[in-house]
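Novice: Here you go, sequence then predicted model.
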Amino acid sequence: MRLHSFFNSSTSYRVRIALALKGVAYDTLPVNIRTGEHRAADYVAQVNPSAAVPALVEGDFTLGQSLAIIDYLDSVHPEPRLIPLDALSRARVLEFASLIACDIHPVNNLRVLRYLETELGATPQQKSAWYRHWVAQGMDSAERLLARADSRLWCFGPQPTLADVCLVPQIANALRMDCDLSAYARCMAVYRLAEDHPAFAAAAPSRQPDYVI
């Protein structure tokens, strides 16, 4: 199994966590999205038509989009399960994961931030304000969802799920961008728990072969 990944991509980070939690061995193939390697013709044609990371390759099968990859991993490597099977738990986990993956991340990823700067002329201060605005809105919602669930330990129970797999990279990026997360006690408790978990630690950006400061 091979994973096309960028060390600081939160979507790649999600998949690395999932692979580590499941104990699945893989080779990392770095793709530098800062220099545009994800848009190279060969990569788009042969690996990921979406011109993005991550992309998982297993034999002749190639799959992009982090949530689709993690769902696939749950099917072929079902233990530990990250997307619950029972309907109510599954719905809650997917609701939370979708908040991160669909509401917060897309408006703050690299291509959007670059478009703000290069095409719309946003200043660094305006770009930072944009980022922090959407993080605050999303994290407000995330905290409320965990409060409703009366979360203990991980987001939705005693073991990590897709919710935690999505939350931890989002918080890591928000901290890197100097967002104030002090209001999100439940979310930050999960993040601190993950810092001491071997699988989450192994998947961290600083542990990746393409890591640069």
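Specialist: Yep, it's here.
Novice: which helices and strands sit right next to the helix ranked longest in the chain?
Specialist: Secondary structure of the chain per DSSP state H: the longest helix is helix 124-148. Applying 3 or more Cβ pairs under 8 Å, 6 or more residues apart in numbering; DSSP states H and E, one finds that helix 124-148 contacts helix 87-98, helix 105-108, helix 110-118, helix 162-176, helix 185-195. Where C-beta positions appear, they are placed from N, C-alpha and C, glycine not excepted.
Novice: what do you get if the cut-off is 7 Å, keeping everything else the same?
Specialist: When contacts are defined as 3 or more Cβ pairs under 7 Å, 6 or more residues apart in numbering; DSSP states H and E, helix 124-148 packs onto helix 87-98, helix 105-108, helix 110-118, helix 185-195.
Novice: Next, format the ones you listed as TSV and append mean neighbour count and mean pLDDT.
Specialist: Formatted as TSV, the helices and strands packed on helix 124-148 follow (neighbours: other Cβ atoms under 10 Å; pLDDT from 0 to 100):
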stretch	mean neighbour count	mean pLDDT
helix 87-98	16	98
helix 105-108	18	96
helix 110-118	14	95
helix 185-195	17	98
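Novice: Between the ones you listed, which one is closest to residue 71.
Specialist: helix 87-98 (9.8 Å; Cβ to Cβ).
Novice: list the helices and strands that closest one packs on?
Specialist: Packed against helix 87-98 by the contact rule (3+ Cβ pairs under 7 Å, 6+ apart) you find helix 124-148, helix 162-176.
Novice: The residue of the chain most remote from its centre: what secondary structure?
Specialist: Ranked by distance from the centre of the chain (Cα atoms, centre = their mean), the top residue is residue 121, with 27.8 Å. Under DSSP: H, G, I helix; E, B strand; the rest coil, residue 121 falls in the coil class.
Novice: Tell me the pLDDT of it.
Specialist: According to the prediction, residue 121 has pLDDT 97.
Novice: quick revisit: with respect to burial, which of the helices and strands packed on helix 87-98 scores highest?
Specialist: When you average the neighbours per residue for each of those (mean count of other Cβ atoms under 10 Å), helix 162-176 leads with a mean of 25.
Novice: Report the mean per-residue pLDDT for that one.
Specialist: On average, the pLDDT along helix 162-176 is 98.
Novice: Centre of the chain to it, how far?
Specialist: Computed by Cα atoms, centre = their mean, to the nearest Å, the separation of helix 162-176 from the middle of its chain amounts to 6 Å.
Novice: now the angle from it to helix 87-98?
Specialist: Here helix 162-176 runs at an angle of 20 degrees relative to helix 87-98 (axes from the mean of the first three to the mean of the last three Cα atoms, to 10 degrees).
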